[in-house]
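>>> what follows is a predicted structure for the sequence shown.
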Number of protein chains: 2
Amino acid sequence: MKLTILGCYAATPRSITNPTSQVLEINGHMFLIDCGEGTQVQLRKKKIKFAKINHIFISHLHGDHFYGLIGLISTFMLLNRQHDLHVYGPKGIKEVILLQLRLSKSYTGYALYFHELESTESEVVFEDERVVVRTIPLEHRVYTNGYLFNEKPGARKLNIGLIEDLGIDRCYYQKLKNGGDVILDDGTVVRNETVTYNPEPIKSYAFCSDTVYNESVIPIIKDVSVLYHESTFLDSESHLTERTKHSTAKEAALIASKANVGKLILGHYSTRYDNIDNFRKEASTIFHTIELAEDGKEFDL
Amino acid sequence: MKLTILGCYAATPRSITNPTSQVLEINGHMFLIDCGEGTQVQLRKKKIKFAKINHIFISHLHGDHFYGLIGLISTFMLLNRQHDLHVYGPKGIKEVILLQLRLSKSYTGYALYFHELESTESEVVFEDERVVVRTIPLEHRVYTNGYLFNEKPGARKLNIGLIEDLGIDRCYYQKLKNGGDVILDDGTVVRNETVTYNPEPIKSYAFCSDTVYNESVIPIIKDVSVLYHESTFLDSESHLTERTKHSTAKEAALIASKANVGKLILGHYSTRYDNIDNFRKEASTIFHTIELAEDGKEFDL
């Protein structure tokens, strides 16, 4: 699992910082999460292949999280993309994208699917044999969802030496990978766990931005490997959180602590702060494993 | 008159090039022309004060000419802009901007006026005592206008020494500046041209992008001081101009020559070319005074 931060600052793009966008590589998928203005240029700078992105998850329709989407969709078109593209986001996202394509008489040569969200309950929005993605309802000034990405358990790993010693036929290998036992010709039962190893531990990633401090996310993200939680403000601006529906670094850490996550990544910093190290300092008083998002930074998770 | 190129490349933004946008300073106005994705960051890089931009002229609704507009309008809002903002562009521009503001529950604290264009004839879209702006109907894949910016003649300059020697009262100064004659107490007529100098020559700027080669613009831009004309292609790709409705460098030069303009600036280069010097080479075979637009370049005109 690898996370690449394309942008992690709040509000407006600047010459030195970018609004929210990140790429999550998980179990063979490359998911784009949010798409602020300039995301396509950030993708180019990080040399991420556009063609590998087939699913885009948008948290909410504030500009710093989706104004780059129409440009990316248009660029996919100019690059003669053929693969389907799936966009997940709040109701309204389809109208705004299609209106702009229609006004420019631009029609994608690829199939563009919109999965519009309205529910205030967590729901599965994507699932295949490798990954399942659920929404995390957040509390912000507009309808907003975070996203929870869970790997599915992989196949069990075969102890090939032992299996060959026992003379188990190859036709049983898939059954063993799936966790099944095997009965030999002499009637002996070979218990699965005696000839296989556990699969790699499954990993999970929760993206929670933008949101005010909201304990209702805790059961959804419980025990997640990595949590990205917005921390727009430091403590000195905590009086702004309720009106703006954003969180402080300490509040992000409190959610991480209560949800028992493996690691917390902070981001969505207000551009008023020159030194983001203070976010780590404040959050560290409450939670142990803190990382700071920075534009262009890659996390091997 | 000063022109700052924020971006001058066709199609998609890249790490090293930007789509179309430019700032024209003329007779005290600062006009933004087109607004591709990333324009607000380019404005910041050039340290152009956002508050000085009160009029934005959009040529057409292809993404590389207006996908940065919604972000700029939103940023103006976040910066607590108070001044009115006027946006000129094809019909539909209002719907797409307002839809996005509505979806994000964002309302500008300043008055936002849309001047939607539908006419296929040249028309005056802005006029005050200093400048007049007209559309230049262009021929592209979608409804497109260039814009012609004309300074208005300034006041005549007084030959103060001579005026004082003649004993002309100050109350006549404005009349002299406006071109009027003065009759002295003894009945002598002082002809205006004997005591004033001509005002600064008026300057004009024509922006023509995007367009196929189209001679119908020639009477509109006749004798303009400076013409920016798109040159998406070199001669080697001239077979693409009719289908894409773009021009070659030579075609831009031919328009410049036939319209007798003072200077031609080329831009809107296809990103397929590594060396833009070839645009100058090809255009120079037809027209004398060629400049190449480059992102970030400033022209003192």
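Structure's in. What do you need? Residues are numbered from 1 along each chain as shown, chains lettered A, B, ... in the order given.
>>> show the pLDDT at the residue lying farthest from the centre of chain A.
Within chain A, the residue lying farthest from the chain centre (Cα atoms, centre = their mean) is A:D186, at 49.6 Å. A:D186 carries a pLDDT score of 90 in this model.
>>> now do it against B:L266, distance only.
As judged by Cβ to Cβ, to the nearest Å, A:D186 and B:L266 stand 85 Å apart. All C-beta atoms are positioned from the backbone trio N, CA, C, and that covers glycine.
>>> do the same with A:H288
According to Cβ to Cβ, A:H288 and B:L266 sit 59 Å apart.
>>> same thing with A:V182?
Plainly put, A:V182 is 74 Å away from B:L266 if you go by Cβ to Cβ.
>>> which ones are touching whichever residue of the stretch 201-301 of chain A sits closest to chain B?
Taking Cβ to the nearest Cβ, chain B has its nearest neighbour within the stretch 201-301 of chain A at A:T271, 9.6 Å off. Taking Cβ atoms under 8 Å, 6 or more residues apart in numbering or on different chains as the contact definition, A:T271 lies against A:Y9, A:A10, A:A11, A:T12, A:R14, A:T17.
>>> how about 10 Å then?
By Cβ atoms under 10 Å, 6 or more residues apart in numbering or on different chains, the residues touching A:T271 are A:Y9, A:A10, A:A11, A:T12, A:P13, A:R14, A:I16, A:T17, A:P19, A:T232, B:L78.
>>> neighbour count and secondary structure for the residues you listed - can I get that in TSV?
Formatted as TSV, the contacts of A:T271 follow (neighbours: other Cβ atoms under 10 Å in any protein chain shown; DSSP: H, G, I helix; E, B strand; the rest coil):
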residue	neighbour count	secondary structure
A:Y9	25	strand
A:A10	26	coil
A:A11	21	coil
A:T12	24	coil
A:P13	27	coil
A:R14	15	coil
A:I16	11	coil
A:T17	18	coil
A:P19	31	strand
A:T232	31	coil
B:L78	15	helix
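>>> so which of those is the closest to A:F279?
Closest approach between the contacts of A:T271 and A:F279, by Cβ to Cβ: A:T232, at 9.7 Å.
>>> isn't the closest one up against A:I276?
No: counting by Cβ atoms under 10 Å, A:T232 does not reach A:I276; the two are 11.7 Å apart.
>>> identify the contacts common to the two.
Residues touching both A:T232 and A:I276 by Cβ under 10 Å, 6+ apart: A:Y9, A:A249, A:L266, A:G267, A:Y269.
>>> thinking A:E121 is in contact with A:P137, fair?
Yes: here A:E121 reaches A:P137: they are 6.7 Å apart, a contact under Cβ under 10 Å.
>>> okay, and the common contacts of those two?
Common neighbours of A:E121 and A:P137, using Cβ under 10 Å, 6+ apart, are A:I220.
>>> the stretch 101-250 of chain A against chain B: which residues are in contact?
The stretch 101-250 of chain A comes close to chain B at residues A:L101, A:R102, A:L103, A:S104, A:K105, A:S106, A:R141, A:V142, A:Y143, as judged by Cβ under 10 Å from any Cβ of the partner chain.
>>> before we move on, back to that, which one's more surrounded, A:E121 and A:P137?
Set A:E121 next to A:P137 and count neighbours by other Cβ atoms under 10 Å in any protein chain shown: A:P137 wins out with 19 against 7.
>>> that one contacts A:I221, doesn't it?
No: using Cβ under 10 Å, A:P137 and A:I221 do not qualify as a contacting pair, with a distance of 11.5 Å.
>>> residues shared between the contacts of these two?
Residues touching both A:P137 and A:I221 (Cβ under 10 Å, 6+ apart): A:S122, A:G146.
>>> excluding sequence neighbours, find me the nearest residue to A:G262.
In space, and not counting its chain neighbours, A:G262 is closest to A:S225: 4.5 Å by Cβ to Cβ, 6 or more residues apart in numbering or on different chains.
>>> do you know the pLDDT at the one you found?
On the pLDDT scale, A:S225 is placed at 97.
>>> do A:T75 as well
For A:T75, pLDDT reads 96.
>>> that's a helix at it, yeah?
Yes: the assignment for A:T75 is a helix, going by DSSP: H, G, I helix; E, B strand; the rest coil.
>>> wait, what's in contact with it?
If you count contacts by Cβ under 10 Å, 6+ apart, then A:T75 has A:40-41, A:43-44, A:50, A:68, A:81, B:11-14, B:37, B:63-64 around it.
>>> so where is the stretch 101-250 of chain A shaky, pLDDT-wise?
The stretch 101-250 of chain A contains no residues with pLDDT under 70.
>>> which parts of it are helices?
Remark: helices assigned in the stretch 101-250 of chain A by DSSP state H, counting those that start in this stretch are A:160-165, A:173-177, A:192-195, A:218-221, A:241-244, A:249-258.
>>> who does the second one touch, helix- and strand-wise?
Think helix A:173-177. Contact partners of helix A:173-177 among helices and strands, from 3 or more Cβ pairs under 10 Å, 6 or more residues apart in numbering or on different chains; DSSP states H and E: strand A:157-158, helix A:160-165, strand A:182-183, helix A:192-195.
>>> before we move on, what about the last one?
For helix A:249-258, the packing partners by 3+ Cβ pairs under 10 Å, 6+ apart come out as strand A:204-208, helix A:218-221, strand A:226-230, strand A:263-267, helix A:277-284, strand A:290-292.
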